[in-house]
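Q: how would this look folded up:
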Amino acid sequence: LIVTKKFKIIDEDFKLSCPTNSSGIINSDILCGSSKNSDSTAASDETGRGTRTKPFASIERATHEFNDRTKDYEIYIKGTASGFQTISSDVGNQDDSTYKANSIKLEPVPDPDNPGTESATLEGSSTGSGSVLTINTPLTVTIENLNITGGKKKDSTEVNGLGVRINAGTVKLGDGVKIYGNIGTYSGAYGGGVYVEAGARLFMYGTALIGVDKDTGTRPTGSGDASNYSTYGGGIYNAGSTWLGYDTEFHKTELTGGINCNASKSGGGAITSQGTDTSNAKLYISGTNICHNFSSSHGGGIFLKYTDLIIEDSLINDNCSGTTTDTDGGGISIWDKNYVTLENVEISENEATYGGGVSLGNSGIDTLNNTVIMKSGTIIKNNIARKNGGGVVIENTSTGNSNNFTMEGGFISGNQAVKNGGGIYNKSTLNLKGGTIGKTSTDEDWNKATDDSGKGGAIYQEGTCTMEGDIYVPFGYKERINDVYLSSDIKLTGDLT
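A: Modelled structure (predicted):
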């Protein structure tokens, strides 16, 4: 509302500023929600004024009050705002934007008597399919201390991002955000908790949580007991740029919440990241927990296609890829044209048929070039493969393509494969340059092939393998316990130090 000649102040929550053009601009922190007003009437987009006593019913209506492209607006949620909410592309920071703002923040109504305890909820509709919050604005939207729940896909309606769908701009999920109870049982839902479109960005940090706390939650087995559920990416589906443990690009802020106890039907119990064959998606993970997630097929924790991924200082624990014969990547499943760097990461106690900890490719599906660099401080331990590759499986690819795994440091220990390659199963390209494959302190740290017909407790080698530097593979004292099985040669490409 721009007042050019005169104005009247009412006894509610508006703020007045006078810019250089001498027009009066009413710049308000605006409220919406479905809690009852002081006169016992419900919040309303028709009769509400966006104040504590008369809030709007929807976030979209609240944005219609924006009129200053230099202002960082706050929308306070009062109680529970029900229904499928939208921030439209009409909200921007250009002169021709219909509703003008510099940025938007969603948070509960402040409680001056109990600061820091505020909470409110965005809750999807009880009927139909839809995303709880769809963001189309190119602006930055920051969300704090809100519960986001009740997103659904239960019919053929296109719904991606059942909790939050980010179609444009930048979204920051900060302290106190909890995204849970978003379930897409009908096939074709991408992103149970959050969907990030190509060109959009997600930052997640602080106590923000997609799912439940890792210390109290348990691993689900499907849609019935998952915190969030979809076909791909139970927690997050990323087609753009996602930064976990960052508040801006390359500025780390630990994510103590994480992505836990989510599930997917086809891939990525916690996260699916998929770009295109001409443009990789970007996924950066630092100081993050990815625990207790489940996928019926690929990537109990993370499933990757056409993605550049850097993981640092994070935990990937107790994730599982199904119980069928061809599941892969209990912790991380890596398919087409990915480049992955692991540094100071613990990948532990995950389970799959192939590649309990990490899988490059799938034995039944031809995949394209993938590269994984395992750096110092990374530990791949105590993972289980029901067939091959307890710690890591490196599958063969078509002619002209290769799955490349390079170990520069760290430990691969305590992993088990029922068949072959307790530590590493290699049918493509393995480069050993540093670190230890085997016992670190106790006998439980040996890698093992547990079946009597199994081979290669430490390494099952059937592809191309090079060795140099300070790589260490201690012998586990008997067959199938940290031994090396050679179906093809290991080539020394430098001094062993």
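Q: for the residue nearest to residue 425 when sequence neighbours are not counted, the count of nearby residues, please.
A: Nearest residue to residue 425, sequence neighbours excluded (CB to CB, 6 or more residues apart in numbering): residue 389, at 3.6 Å. C-betas here are computed from N, CA, C, even on glycine. For residue 389, the neighbour count with other CB atoms under 10 Å is 35.
Q: okay but residue 389 is in contact with residue 354, surely?
A: Yes. If you go by CB atoms under 8 Å, residue 389 and residue 354 touch, sitting 5.7 Å apart.
Q: identify the contacts common to the two.
A: Listed contacts common to residue 389 and residue 354 are residue 425; contacts here mean CB atoms under 8 Å, 6 or more residues apart in numbering.
Q: phi, psi of residue 189?
A: phi -90, psi 130 (degrees, to the nearest 10).
Q: sorry, back to before: what residues are up against the residue nearest to residue 425?
A: Applying CB under 8 Å, 6+ apart, the residues near residue 389 are 354, 355, 356, 359, 417, 420, 421, 424, 425, 460.
Q: switch those over to JSON lines; also include distance to residue 447 and pLDDT.
A: Listed next are the contacts of residue 389 as JSON lines, based on distance: CB to CB, whole Å; pLDDT from 0 to 100:
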{"residue": "354", "distance to residue 447": "16", "pLDDT": "96"}
{"residue": "355", "distance to residue 447": "14", "pLDDT": "97"}
{"residue": "356", "distance to residue 447": "11", "pLDDT": "98"}
{"residue": "359", "distance to residue 447": "16", "pLDDT": "97"}
{"residue": "417", "distance to residue 447": "8", "pLDDT": "98"}
{"residue": "420", "distance to residue 447": "11", "pLDDT": "97"}
{"residue": "421", "distance to residue 447": "8", "pLDDT": "97"}
{"residue": "424", "distance to residue 447": "8", "pLDDT": "98"}
{"residue": "425", "distance to residue 447": "11", "pLDDT": "98"}
{"residue": "460", "distance to residue 447": "10", "pLDDT": "97"}
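Q: most neighbours, which of those?
A: Result: residue 355 is most packed of those (other CB under 10 Å), 39 neighbours.
Q: does that residue touch residue 333 like I think?
A: Yes. At 7.2 Å, residue 355 and residue 333 qualify as touching, with contact defined as CB under 8 Å.
Q: list the buried residues in stretch 486-494.
A: residue 490 (16 or more other CB atoms under 10 Å).
Q: scratch that, stretch 392-402 is what I was asking about
A: For stretch 392-402, by 16+ other CB under 10 Å, it's 392, 393, 394, 395, 396, 397, 401, 402.
Q: in strands, which of those appear?
A: 392, 393, 394 (DSSP state E).
Q: for residue 280, state which of those is nearest.
A: residue 394 (20.4 Å; CB to CB).
Q: OK, contacts around the closest one?
A: Residue 394 touches 360-361, 403-405, 424-430, 463, counting by CB under 8 Å, 6+ apart.
Q: just residue 197 next, same as before
A: Residue 197 sits in contact with 165, 166, 167, 168, 239, 240, where contact means CB under 8 Å, 6+ apart.
Q: surely the third one and residue 200 touch.
A: Yes. In terms of CB under 8 Å, residue 167 counts as a neighbour of residue 200; the distance is 6.4 Å.
Q: need the helices for the chain, in chain order.
A: 59-63 (DSSP state H).
Q: hmm, back to that, max pairwise distance over the contacts of residue 394: which two?
A: Longest span within the contacts of residue 394, CB to CB: 404 and 425, 14.7 Å.
Q: thinking again about what came up before, could you dump the buried residues of stretch 392-402 into TSV with distance to residue 227 and pLDDT added?
A: As requested, the buried residues of stretch 392-402 are exported to TSV (distance: CB to CB, whole Å; pLDDT from 0 to 100):
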residue	distance to residue 227	pLDDT
392	28	98
393	28	97
394	32	96
395	31	92
396	36	85
397	35	75
401	36	76
402	37	85
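Q: kindly state the beta-bridge partners for residue 184.
A: residue 153 (DSSP bridges).
Q: sketch out the low-pLDDT regions of the stretch 51-200 of the chain for me.
A: For the stretch 51-200 of the chain, no stretch is flagged by pLDDT under 70.
Q: let's see that with 80 instead.
A: Scanning the stretch 51-200 of the chain with the threshold set as pLDDT under 80 gives 116.
Q: who does residue 404 form a beta bridge with?
A: The partner residues for residue 404, given DSSP bridges, come to residue 371, residue 429.
Q: need the CA coordinates for stretch 452-465. CSV is fine.
A: C-alpha atoms of stretch 452-465 as CSV (Å, rounded to 0.1, in the frame of the first residue of the first chain):
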residue,chain,number,x,y,z
ASP,A,452,32.3,-70.8,2.1
SER,A,453,32.2,-70.2,-1.6
GLY,A,454,33.2,-66.5,-1.2
LYS,A,455,36.5,-65.0,-2.3
GLY,A,456,38.5,-61.9,-1.3
GLY,A,457,38.0,-60.8,2.3
ALA,A,458,39.8,-57.5,1.6
ILE,A,459,39.7,-57.2,-2.2
TYR,A,460,38.1,-59.2,-5.0
GLN,A,461,40.0,-58.0,-8.1
GLU,A,462,38.7,-58.8,-11.6
GLY,A,463,39.1,-55.4,-13.3
THR,A,464,41.9,-52.9,-13.7
CYS,A,465,43.8,-52.2,-10.5
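Q: just how off-centre is that stretch within its chain?
A: Stretch 452-465 sits 33 Å away from the centroid of its parent chain (CA atoms, centre = their mean, to the nearest Å).
Q: my guess is residue 292 meets residue 316, correct?
A: No. The pair residue 292 and residue 316 fails to qualify as a contact (CB under 8 Å) at a distance of 10.7 Å.
Q: burial count for residue 127?
A: With other CB under 10 Å as criterion, residue 127 counts 8.
Q: for residue 158, same thing?
A: Neighbour tally, residue 158, other CB under 10 Å: 10.
Q: do the one 10 residues further on as well
A: Residue 168 is surrounded by 18 other residues when neighbours are defined as other CB under 10 Å.
Q: again with residue 476
A: Counted with other CB under 10 Å, residue 476 comes out at 22.
Q: if I look at the nearest residue to it once chain neighbours are set aside, how far off is residue 440?
A: The shortest distance from residue 476 to any non-neighbouring residue, by CB to CB, 6+ apart, is to residue 482 (2.9 Å). Distance of residue 482 to residue 440, given as CB to CB, to the nearest Å: 11 Å.
Q: out of the two, which sits in the busier spot?
A: residue 482 (26 against 15).
Q: surely that one touches residue 444?
A: No. Using CB under 8 Å, residue 482 is not in contact with residue 444; the gap is 11.7 Å.
Q: coming back round to it: with distance to residue 119 added, can I get the contacts of residue 389 in JSON lines?
A: Shown next, in JSON lines, are those (distance: CB to CB, whole Å):
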{"residue": "354", "distance to residue 119": "43"}
{"residue": "355", "distance to residue 119": "40"}
{"residue": "356", "distance to residue 119": "39"}
{"residue": "359", "distance to residue 119": "40"}
{"residue": "417", "distance to residue 119": "46"}
{"residue": "420", "distance to residue 119": "51"}
{"residue": "421", "distance to residue 119": "48"}
{"residue": "424", "distance to residue 119": "47"}
{"residue": "425", "distance to residue 119": "48"}
{"residue": "460", "distance to residue 119": "52"}
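Q: what's the pLDDT at residue 289?
A: Predicted confidence (pLDDT) for residue 289: 98.
Q: just to revisit the earlier point, residue 115: which of the contacts of residue 389 is nearest?
A: For those, the nearest to residue 115 is residue 356 (45.9 Å; CB to CB).
Q: do I have it right that that closest one meets residue 331?
A: Yes. Under the criterion of CB under 8 Å, residue 356 makes contact with residue 331 at 7.5 Å.
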